[in-house]
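Chemist: Fold the following, please.
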Amino acid sequence: MCHCHQIPRCISSLSFLRIIDLTGNRISGTLPADIGKLRYLSLLSAADNLITGEIPATLTSLTGLTHLDLRNNKIRGPIPQNMGQLQMLSRAFLSGNQITGSIPGSICHIYRLVDLDLSNNHLSGPIPESLGRMSVLSTLKLDNNRLSGSIPGRLLASGINELNLSHNMLEGIIPDAFGASCYFTLLDLSYNNLKGPIPKSMSSASYIGYVDFSHNHLCGPIPNSYGNTDASSFAYNDCLCGKPLKAC
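Modeler: Numbering: from 1, shown residues only. Predicted coordinates:
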């Protein structure tokens, strides 16, 4: 276990360093800008610390990075707009910080990205529709932010298996974009300002495990295939009806 109080700037002199794992060490201070000089770095994990400041723009120079984990710190400021330069990145965990600004559209250029967790931050603005074009993205967690606008239909029709958009300020209708290729282990749209009906096309999805549409303004019949779902998943809406709620 490391007992450093801060990440030393001289770490950039370790030119061939491939792995930095400083998880859970009460490290404070900022991420040094010189970290971008570690061109061979493939894993950077500094989760569960006390790191402050912004994500340095130089981080996007780490073009060989495959795993980025900065969750549960005190990082503020925006996500670098040129995040899409991290072409080899497969997992990015930035949850539990104080990150502000919008989600960069350039993320869609990270073609190998499988897991993206930006939950529990202060992100605002719309969800980029381009996220739905990411062919291998499996987990997308954007819950507990301040995101607004509508849900991109392409996002629901993509290959994402775990989608959490709860506790935001999303509005409009749930896109009628479900199809036989949809396979969700988790679909959570609760605690938003969504209105209108639950799309009938949900019944055509090959699988939807845990679902939560509660605390919105939805109205209309619940698709028959969800009659055995827990009633709490549809509670606190304007006028949803049908099993597992009261009859229409």
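
Chemist: mind checking pLDDT for the nearest residue to P128 once chain neighbours are set aside?
Modeler: Once flanking residues are discounted, P128 sits nearest to G105: 4.4 Å by Cβ to Cβ, 6 or more residues apart in numbering. (C-beta placed from N, C-alpha, C; glycine too.) As predicted, G105 sits at a pLDDT of 95.

Chemist: ok, now S204?
Modeler: Looking at S204, its pLDDT stands at 87.

Chemist: just to revisit the earlier point, verify the stated contact: the residue nearest to P128 with S130.
Modeler: Yes: using Cβ atoms under 8 Å, G105 makes contact with S130 at a distance of 5.3 Å.

Chemist: The two - which one has more neighbours?
Modeler: More neighbours surround S130 than the other of G105 and S130, with 18 against 15 (other Cβ atoms under 10 Å).

Chemist: and that one, how far is that from I55?
Modeler: 20 Å (Cβ to Cβ, to the nearest Å).

Chemist: repeat for L89
Modeler: 13 Å.

Chemist: Between those two, which has more neighbouring residues?
Modeler: For L89 and I55, the more surrounded residue by other Cβ under 10 Å is L89, and the numbers stand at 26 against 22.

Chemist: For the most centrally placed residue in the chain, give its distance to H109.
Modeler: The centroid of the chain falls nearest to K141 when counting by Cα atoms, centre = their mean (2.9 Å). Here the criterion is Cβ to Cβ. By it, K141 lies 20 Å from H109.

Chemist: swap in G196?
Modeler: G196 sits at a distance of 33 Å from H109 (criterion: Cβ to Cβ).

Chemist: mind checking which helix or strand the closest residue to G24 other than its chain neighbours is in?
Modeler: Distances taken as Cβ to Cβ, 6+ apart put D48 closest to G24, at 4.2 Å, once the chain neighbours are dropped. Using DSSP states H and E, D48 sits in no helix or strand.

Chemist: I'd guessed D48 sits against L22; true?
Modeler: No: under the criterion of Cβ under 8 Å, D48 is not in contact with L22, lying 9.3 Å apart.

Chemist: returning to what we had before: may I have the residues that are in contact with the residue nearest to the centre of the chain?
Modeler: By Cβ atoms under 8 Å, 6 or more residues apart in numbering, the contact set of K141 is S95, L116, D117, L118, S119, E162, N164.

Chemist: which SS class is the fifth one?
Modeler: The one in question is S119. Secondary structure assignment for S119 (DSSP: H, G, I helix; E, B strand; the rest coil): coil.
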